[in-house]
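# here is a sequence together with a model predicted from it:
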Amino acid sequence: MTAIKTALKTHFGFESFRSQKQEDAVKAVVKGDRDVFVCMPTGSGKSLCYQLPAMLAKGITLVISPLIALIQDQVEHLRDLNIPACSINSKLPVEDRRLIMADLESESPKLKLLYVTPEMVASPGFKPCLTGLLSRSLLSYLAVDEAHCVSQWGHDFRPDYLKLGELRSSLPGVPCIALTATAPQRVKDDIAKSLRLRLPLSFATPVFRSNLHYDVVYRELLEDPYRHLHTYIRENLRLGDGPKGQGCGIVYCRTRECCETVAYQLTKLGVLAKPYHAGLKAVDRTEAQTDWMQGKVLVIVATISFGMGVDKANVRFVAHWNVAKSLASYYQESGRAGRDGLPSSCRTYYSPRDKEQLNFLIRKEVARKQAKRGSEKEQDKSSIKDFEAMVSFCEQESCRHATISNFFGDQKPDCGSACDYCQDPKAVRAQLEKAATLSTKTGAAQSTQPRGPFGFDRDLYAGGRKGYGFERHDEEETWGSGDDDDGSELRRKEFGDLFKKQMKLRKVSEGHKNSFVRPDDNCPLKEASSQKIPRL
Ligand code: ADP
């Protein structure tokens, strides 16, 4: 057995590589004569591409990652494997920091992987640590995780990532590994350029994931959208008549308020679901995530602030209650389903009204940026184009997988029946026709709604103030999703009471060991349903 295979087994407990690409990437990193660019879907095991080489190298691998929460997850996971990894961050107690620094300054440090944010690596306090390691030839690799954050074309642009190009130049003898989930070609080019990668060897897996089934359901055509979602969840978690407690799921919503409404409605129908968004107290957010990770709650209803780096293999479905803001984001978010390779479902509950709202918000944001800069930039047009790609994905009569692969510059895949269109094109057409008829009929009715100065609904116009905008992945920063309105505390209390009631029912409900109760059997729900329901 080679040293690489032995290390794979002894340090990580894996018998084999997940894919040929993973193995090739690890070998290229270990060889160390070229920079390496790993572009693989979420869940394909990118981290191993630098973690395994880190274990085989003499020194320390410096890993740049965008979020402290993400770093903590990684470090904990590595420590569970007895791999010496740690992070230096602003939340670290002074004593821990002192111990880490002492190890880094020692002749032969025990640490193998050191995780930091881009802000930390650029801070003056961190510089001596870096130069110290470099002068003793103890810096084995520089790994840049979530490298798409360096690209202004990407959906998670972080200005601090731009400084990493300079860092890379200041470490000429240290091989760099950039890692990102599947990205469009222009983002990949931008990453290589901005990080100043030297003749990088690229390892990319195909965009197409045959275990994911994509479909689009027009929300406005549904009589009872929440019940529809509820049925979808039950089917995908194979609960009810079949084997119980298999997997979990994510419902993405655009706004905080919507998360709470959908979680409330699902819980009312008998699915224990928790909301997750940046407007919650940190402790509630952490609890929601932990409950979901541990399977206590099967469904999390979240804004996009949830999910980056969430490593859960058995996500059986990802439903978008609101359309995603770009096809690239959608691929990332929906790609959290089926990491274990088992059949999983990705659904968008599409609504032309959502489209209108998002279109407005995106253009408003673009206009704001342009006004601030005083000029137009290419990426402004790009965010509009990326959204249009998402809209086409929902409105086109064509294979959903082919649309995604085409967007990322990949070849047309052999979908088989892994999307609604390839499964039943007539049904997709029928849905589109019904939606067109409905929009003609309701057009007049809609125009009687109170509208803002730009012709949009007042609620939407009030976007930033009332929490109708987007949330970004990085929790500290929100985009147009300001403070919640005054009713939020009340709503949360109402939801909390209902949740507790459902929990109790679950405990007493005979034979129901999973997060479901039979709604129809439980009268107290009637009581709950007569309560004031939060507005969507
Ligand atoms: P990514 O960064 O691509 O989203 P991760 O590195 O978080 O993916 O890996 C996803 C999951 O796959 C993790 O649970 C990891 O332990 C597992 N994994 C990685 N490599 C292998 C392998 N060779 N065999 C089995 N599981 C693996």
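Ah, there it is.
# for the rest of this, base every contact and every neighbour count on C-alpha atoms.
OK.
# how is residue 250 assigned, secondary-structure-wise?
strand (DSSP: H, G, I helix; E, B strand; the rest coil).
# should've said residue 410
Going by three-state DSSP: residue 410 is coil.
# can you map out the strands along the stretch 201-350 of the chain?
Ranges of strands within the stretch 201-350 of the chain are 201-204, 212-218, 248-252, 273-276, 299-302, 315-320, 344-350, based on DSSP state E, counting those that start in this stretch.
# which elements pack onto the fifth one?
For strand 299-302, the contact count by 3 or more Cα pairs under 8 Å, 6 or more residues apart in numbering; DSSP states H and E identifies strand 248-252, helix 256-269, strand 273-276, helix 282-293 as packing neighbours.
# what do you get for the fourth one?
With contacts defined as 3+ Cα pairs under 8 Å, 6+ apart, the secondary structure elements packing on strand 273-276 are helix 256-269, helix 282-293, strand 299-302.
# residue ranges in the stretch 401-536 of the chain under the pLDDT threshold?
443-495, 501-536 (pLDDT under 70).
# my error: substitute the chain in the last question.
1, 153-155, 239-246, 308-309, 373-381, 443-495, 501-536.
# tell me which parts of it are close to the ligand?
For the chain, the residues in contact with the ligand (Cα under 6 Å from any ligand atom) are 14, 16-18, 41-48, 311.
# and the next helix or strand past the strand or helix carrying residue 101?
Element membership of residue 101, judged by DSSP states H and E, is helix 94-105. Once helix 94-105 ends, the next helix or strand along the chain (criterion: DSSP H and E) is strand 113-116.
# which helix or strand contains residue 5?
Residue 5 belongs to helix 3-12, assigned by DSSP H and E.
# give the buried residues for that helix.
4, 7-8, 12 (16 or more other Cα atoms under 10 Å).
# let's have the strands of the stretch 201-350 of the chain in TSV, adding mean neighbour count.
As requested, these are exported to TSV (neighbours: other Cα atoms under 10 Å):
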stretch	mean neighbour count
strand 201-204	17
strand 212-218	22
strand 248-252	27
strand 273-276	28
strand 299-302	28
strand 315-320	27
strand 344-350	24
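# now do residue 196 against residue 26, distance only.
21 Å (Cα to Cα, to the nearest Å).
# between the two, tell me which one has more neighbours.
A count of neighbours by other Cα atoms under 10 Å puts residue 26 above the other of residue 196 and residue 26, at 24 against 18.
# chain neighbours aside, what residue packs nearest to that one?
Nearest residue to residue 26 in three dimensions, chain neighbours excluded: residue 49, at 4.8 Å (Cα to Cα, 6 or more residues apart in numbering).
# what strand or helix carries the one you found?
helix 48-56.
# helices and strands around that helix, which ones?
Helix 48-56 is packed against helix 3-12, helix 20-31, strand 139-144, with contacts defined by 3+ Cα pairs under 8 Å, 6+ apart.
# hmm, 10 Å instead?
Secondary-structure packing of helix 48-56 (3 or more Cα pairs under 10 Å, 6 or more residues apart in numbering; DSSP states H and E): helix 3-12, helix 20-31, strand 36-39, strand 60-64, strand 113-116, strand 139-144, strand 176-180.
# strand partners (parallel or antiparallel) of the third one?
In the sheet containing strand 36-39, its partner strands are strand 176-180 (parallel), strand 201-204 (parallel), by DSSP bridges.
# C-alpha coordinates for the shortest one, PDB please?
Taking only C-alpha atoms (Å, rounded to 0.1, in the frame of the first residue of the first chain), the coordinates of strand 201-204 have been written out as PDB:
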ATOM      1  CA  LEU A 201      -3.500  21.700 -12.300                       C
ATOM      2  CA  SER A 202      -7.300  21.700 -12.300                       C
ATOM      3  CA  PHE A 203      -9.500  18.900 -11.000                       C
ATOM      4  CA  ALA A 204     -13.100  19.200 -11.700                       C
END
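# in the stretch 101-250 of the chain, which residue sits nearest the ligand?
residue 181 (6.9 Å; Cα to the nearest ligand atom).
# how close does that residue sit to residue 203?
Taken as Cα to Cα, the span from residue 181 to residue 203 is 11 Å.
# between those two, which contacts overlap?
38-40 (Cα atoms under 10 Å, 6 or more residues apart in numbering).
# nearest to the ligand among those residues?
residue 40 (6.2 Å).
# ok, that closest one - contacts?
Residue 40 neighbours (Cα under 10 Å, 6+ apart): 21-22, 46, 179-183, 203-207.
# show me which of those are buried.
Buried among those (16+ other Cα under 10 Å): 21-22, 46, 179-183, 203-205, 207.
# need the max-distance pair from the residues you listed.
Of all pairs drawn from the buried ones among the contacts of residue 40, the widest gap by Cα to Cα lies between 22 and 183 and measures 17.3 Å.
# for residue 138, see how far away the residue sitting furthest away from the middle of the chain is.
Most distant from the centre of the chain: residue 107, at 39.9 Å, with distances by Cα atoms, centre = their mean. Using Cα to Cα, we find residue 107 at a distance of 9 Å from residue 138.
# kindly report the same for residue 28.
20 Å.
# quick one on the thing from earlier: any idea which of the helices and strands packed on strand 273-276 is most buried?
Highest mean neighbour count among the helices and strands packed on strand 273-276 (mean count of other Cα atoms under 10 Å): strand 299-302, with a mean of 28.
# with only the CA atoms kept, save that strand in CSV.
Only the C-alpha atoms of strand 299-302 are listed here, as CSV (Å, rounded to 0.1, in the frame of the first residue of the first chain):
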residue,chain,number,x,y,z
VAL,A,299,-36.8,20.0,8.6
ILE,A,300,-35.0,23.3,8.9
VAL,A,301,-36.6,26.3,7.2
ALA,A,302,-33.8,28.8,6.5
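# quick one: that strand to chain centroid distance?
Strand 299-302 has its C-alpha centroid displaced from the chain centroid by 12 Å (Cα atoms, centre = their mean, to the nearest Å).
# now swap in stretch 415-429 and tell me
26 Å.
# for stretch 202-217, same thing?
For stretch 202-217, the distance to the chain centre is 15 Å (Cα atoms, centre = their mean).
# distance between the ends of that stretch?
Calculated as Cα to Cα, the first-to-last residue distance of stretch 202-217 is 37 Å.
# got the contact list for residue 206?
39-41, 182, 405, 408, 410-411, 413 are the contacts of residue 206 under Cα under 10 Å, 6+ apart.
# hmm, try it at 8 Å
Residue 206 makes contacts with 40, 410, as judged by Cα atoms under 8 Å, 6 or more residues apart in numbering.
# pretty sure residue 140 contacts residue 173?
No: assessed by Cα atoms under 8 Å, residue 140 is found out of contact with residue 173, at 9.1 Å.
# between the two, tell me which one has more neighbours.
residue 140 (25 against 15).
# neighbours of residue 303, how many?
For residue 303, the count of nearby residues is 27 (other Cα under 10 Å).
# check contacts around it.
Here residue 303 is in contact with 252-256, 259, 276-277, 470-471 (criterion: Cα under 8 Å, 6+ apart).
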